[in-house]
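> coords below, sequence missing:
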């Protein structure tokens with residue numbers, strides 16, 4: 001007989017809400033952002049009122065931990081599926097505010113018409129209509145007396161049938177006695193198995209990941225201050241995106257007095273958006289930099305007190321893991337280090353968030369930064385290593401496939417060797433002459449403007465302080481940080497007119513950062529036409545395209561953008577040759593840029 005790894009029980013809604021308010025069931029706010037709109041909450045309440053099935057909640061009993069006296073502690077339940085439904089109940093029945101994806105706090109208020117037995121999302125018209133109870137939370141308030149509520153309603157609605165109103169309001173209040181099914185997964189299940197069960201039971205849900213489980217573990221572990229640690233991670237991500245939310249977070253009196261709040265207060269004035277981390281990003285960086293492991297499933301196990309050798313759960317391991325994670329999160333939040341790290345990215349030419357396509361590449365660069373800081377490496381060496389590592393990772397796509405495997409491999413090798421020696425080994429393997437001469441030009445045969453190779457090329461231009469294409473005054477950095485415009489050297493309309501497909505005319509080797517007014521002036525002229533005019537304006541002719549009127553300045557500008565020579569004679573028949581030559585020039589510029597980092 002197969003072993004059953006779960007139990008199924010029915011519990012009154014009121015009991016479940018009591019468990020959640022008391023912390024018996026941990027429901028971390030960040031685990032699943034509340035994504036339901038008011039209409040969905042309304043329909044959910046209506047289904048409960050009608051007695052329709054609304055699905056099961058799934059909870060995972062925290063592993064029992066062996067205490068110092070040899071006894072076992074019983075863990076809380078961690079809610080892993082059902083947060084939307086439970087949060088809807090808290091919002092509609094108890095009037096609690098919820099936090100949406102935008103980190104804005106709001107109320108979702110549901111109205112009930114006891115005469116018609118209808119539910120609606122409350123709006124100003126409903127509030128003015130005496131036939132509606134504008135907020136059903138008032139029906140569930142502990143001090144509400146049903147007889148007085150019915151009498152008051154019938155007083156302002158004299159046409160209402162008092163018997164029906166009493167019956168319908170009593171039925172509404174009876175929702176709290178409705179039963180919800182709770183599937184409890186055994187404590188000995190590992191995180192991968194729990195995730196698989198979640199997906200199989202709730203195939204329409206968003207699959208849980210290890211970061212969700214880690215946040216749930218923290219929420220359930222008040223003994224080691226895990227609930228405040230989780231809140232610290234949540235609030236840091238919140239403020240990084242929305243500094244103006246500081247005032248709202250400061251209303252959390254208990255949290256304001258924690259070290260986490262003090263560590264993140266600097267974010268209230270921070271406008272930098274180059275690296276706005278999610279809670280998954282924070283956990284990856286803190287965990288890998290501190291524990292020298294790549295798999296976040298291992299963090300869940302360690303926070304549960306897992307002894308990887310004996311496979312038992314021990315309190316000492318859980319306590320130590322929470323302490324180490326707390327220290328790592330505080331290092332992550334440190335204002336000086338966080339700002340210095342961002343400065344390193346910017347000093348490599350990555351000055352706009354649109355240039356960064358892989359968050360995990362940034363994450364490991366920060367892991368490397370924090371690791372080197374902990375080792376006491378000199379600041380100048382840290383900057384060089386982090387810059388080179390970051391750009392190497394972008395060029396090779398190192399963390400885009402299986403990031404956790406790469407994280408684990410790299411952090412172990414950095415510990416066993418040293419970062420400089422390990423980077424040198426990777427450069428010789430990944431960035432050989434064959435890469436620069438053949439591999440990179442081939443990789444640039446793509447129409448995708450967000451290609452990492454094109455972004456590195458733009459970074460090389462920023463680093464060199466290059467001017468925009470045919471610009472005399474505006475730098476590439478100015479244009480990227482403002483309203484940057486990517487345009488075509490061979491105008492798109494010109495190529496389309498000559499029968500080229502989208503993938504042919506949209507090539508990164510045909511892209512340049514250019515002011516819109518220059519592009520408008522070029523229109524759909526072939527290169528031979530507008531390049532001839534460019535040289536003429538450098539010989540005293542009327543300026544038509546940008547403000548460059550000096551031949552040396554024009555040569556320097558074209559070289560900065562890797563434009564091959566002879567463009568004043570280039571026609572449609574030269575387009576493929578142009579792409580090939582420019583890819584080689586762009587690759588050479590990127591190589592020189594990288595080696596100078």
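That came through, no problem. All values derive from a computational prediction rather than experimental measurement.

> pLDDT weak spots in the protein?
By pLDDT under 70, the weakly predicted segments of the chain are 1-4, 26-34, 62-75, 99-105, 190-192, 194-208, 483-484.

> Walk me through the domains of it.
The record assigns the chain these domain ranges, following automatic domain parsing: 6-201, 210-423, 441-595.

> Can you lay out these as CSV showing mean neighbour count and distance to residue 429?
The C-beta positions use only the backbone N, C-alpha and C, and glycine is treated the same way. Formatted as CSV, the domains of the chain follow (neighbours: other Cβ atoms under 10 Å; distance: least, Cβ to Cβ, whole Å):
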stretch, mean neighbour count, distance to residue 429
domain 6-201, 17, 32
domain 210-423, 19, 10
domain 441-595, 18, 15
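
> would TSV of those with distance to residue 432 be doable?
Below are the domains of the chain laid out as TSV (distance: least, Cβ to Cβ, whole Å):
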stretch	distance to residue 432
domain 6-201	38
domain 210-423	12
domain 441-595	11
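
> Surely residue 51 and residue 178 touch.
Yes: contact criterion Cβ atoms under 8 Å: residue 51 and residue 178 qualify, at 7.3 Å.

> For the residue lying closest to residue 546 once chain neighbours are set aside, which residues are in contact?
Excluding the flanking residues, the one nearest residue 546 by Cβ to Cβ, 6 or more residues apart in numbering is residue 470, at 3.9 Å. For residue 470, the set of contacting residues under the criterion of Cβ atoms under 8 Å, 6 or more residues apart in numbering consists of 514-515, 518, 534, 545-546, 548, 554, 557.

> Looking at those, point me to the pair that's furthest apart.
515 and 554 (15.4 Å; Cβ to Cβ).

> quick one, phi psi at the residue nearest the centre of the chain?
Most central residue of the chain, judged by C-alpha distance to the mean C-alpha position with Cα atoms, centre = their mean, is residue 278 at 4.2 Å. In terms of degrees, to the nearest 10, the main-chain angles of residue 278 are phi -90, psi 170.

> Equivalent analysis for residue 122, please.
Per-residue torsions, residue 122: phi -60, psi 140 (degrees, to the nearest 10).

> right, and it touches residue 112 too?
No: between residue 122 and residue 112 there is no contact, the gap being 9.8 Å when judged by Cβ under 8 Å.

> ok, and what's touching stretch 121-131?
Stretch 121-131 has contacts (Cβ under 8 Å, 6+ apart) with 38-39, 41-42, 108-111, 113, 115-116, 120, 132, 134-135, 156-157.

> Looking at those residues, which are in helices?
With helices defined by DSSP state H, the entries of these inside them are 38-39, 41-42, 156.

> from those residues, which is closest to residue 211?
residue 41 (26.3 Å).

> how about the strands in the stretch 351-500 of the chain?
486-488 (DSSP state E, counting those that start in this stretch).

> Tell me where it has helices.
When assigned using DSSP state H, counting those that start in this stretch, the helices of the stretch 351-500 of the chain occupy the ranges 359-374, 379-396, 403-416, 419-430, 433-434, 440-443, 452-463, 476-481, 492-497.

> do the stretch 101-250 of the chain as well
124-128, 137-140, 146-156, 162-173, 191-201, 210-219, 226-241, 246-249.

> Contact partners for residue 12?
176-180.

> Could you list everything it pairs with in the sheet?
Bridge pairing for residue 12 (DSSP bridges) gives the partners residue 179.

> Verify the stated contact: residue 464 with residue 560.
Yes: applying Cβ under 8 Å as the test, residue 464 and residue 560 come out as touching, 6.7 Å apart.

> Make sure I have this right: residue 58 is in a strand.
Yes: with DSSP: H, G, I helix; E, B strand; the rest coil as the criterion, residue 58 is assigned to a strand.

> separation between the closest residue to it other than its chain neighbours and residue 278?
The shortest distance from residue 58 to any residue other than its chain neighbours is 3.9 Å, reached at residue 81 (Cβ to Cβ, 6+ apart). In this structure, residue 81 lies at 20 Å from residue 278, with Cβ to Cβ, to the nearest Å as the measure.

> and what of residue 431?
Residue 431 sits 30 Å away from residue 278 when distances are taken as Cβ to Cβ.

> same question, residue 124
In terms of Cβ to Cβ, residue 124 sits 36 Å off from residue 278.

> re the thing from before, which of the contacts of residue 470 fall in helices?
When DSSP H defines the helices, the subset of these inside them is 518, 534, 554, 557.

> Straight-line length of stretch 510-525, end to end?
The first and last residues of stretch 510-525 sit 15 Å apart, counting by Cα to Cα, to the nearest Å.

> So what touches it?
449, 454, 458, 461, 468-471, 474, 476, 479-480, 483-494, 497, 530, 544-546, 561, 578-579, 582.

> Would you check that residue 213 makes contact with residue 300?
Yes: taking contact to mean Cβ under 8 Å, the distance of 4.7 Å between residue 213 and residue 300 places them in contact.

> Which two of the ones in helices among the contacts of stretch 121-131 have the greatest separation?
Taking Cβ to Cβ as the measure, those have their most distant pair in 39 and 156, spaced 27.1 Å apart.
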